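**Student:** The sequence isn't on hand, but the structure is:
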């Protein structure tokens with residue numbers, strides 16, 4: 001079952017259960033996916049679906065932080081609730097140990113010895129961790145390992 005079909009099914013269930021918050025969050029996610037399909041004028045691959053979900057996730061995290069810093073806790077809570085629904089459709093995040101193993105393997109494979117090799121290591125690591133680890137955290141870990 002494709003991701004869009006899964007979300008449509010979940011959306012129907014949320015409508016039947018009269019779960020307005022979940023319904024709204026699923027509608028926004030579905031809208032983002034359909035918009036991406038329309039932009040590309042074709043169906044999305046799994047990787048492209050994941051990219052859309054990551055973009056939406058980043059928007060929710062940034063909006064929640066902005067609302068919290070502005071003292072608008074209700075809106076921040078709403079963004080975090082949408083984020084929780086969105087994360088149901090994302091792959092499980094990598095643990096610190098798994099991420100370190102991937103980075104160590106990439107460093108060994110590339111033969112990296114200094115920070116000058118950061119780009120080559122990141123190029124090797126990012127496809128392996130797509131959607132399962134934050135790019136900033138990965139970059140920080142690679143920098144620590146190469147320093």
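**Tutor:** Structure received. Predicted model only: the values in this text are computed from it and were never measured. Numbering: from 1, shown residues only.

**Student:** what's the lengthiest helix in the chain in contact with?
**Tutor:** Longest helix in the chain by number of residues, with DSSP state H as the criterion: helix 46-69. Taking contacts as C-beta atoms under 8 Å, 6 or more residues apart in numbering, the residues outside helix 46-69 that touch it are 3-4, 28-29, 32-33, 36, 40, 44, 73, 75-76, 79-80, 82-83, 86-87, 89-91, 130-131. In this view, the C-beta of every residue, glycine as well, is placed from N, C-alpha and C.

**Student:** before we move on, what about stretch 75-94?
**Tutor:** 3, 6-7, 21-22, 24-26, 28-29, 50, 53-54, 56-57, 60-61, 63-65, 67-68, 102, 129, 131-133.

**Student:** Pick out the residue closest to the middle of this structure.
**Tutor:** residue 54 (2.9 Å; C-alpha atoms, centre = their mean).

**Student:** Distance check, it against residue 109.
**Tutor:** Distance of residue 54 to residue 109, computed by C-beta to C-beta, to the nearest Å: 25 Å.

**Student:** Let's see the ChimeraX selection covering just the buried ones among the contacts of stretch 75-94.
**Tutor:** Selection of buried members from those for ChimeraX, criterion 16 or more other C-beta atoms under 10 Å:
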select :3,7,22,24,25,26,28,29,50,53,54,56,57,60,63,64,67,102,129,131,132,133
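
**Student:** thought residue 109 was touching residue 124?
**Tutor:** Yes. Using C-beta atoms under 8 Å, residue 109 makes contact with residue 124 at a distance of 6.4 Å.

**Student:** quick one: which of these two has more around it?
**Tutor:** Remark: of residue 109 and residue 124, residue 124 carries more neighbours, 18 against 12, as counted by other C-beta atoms under 10 Å.
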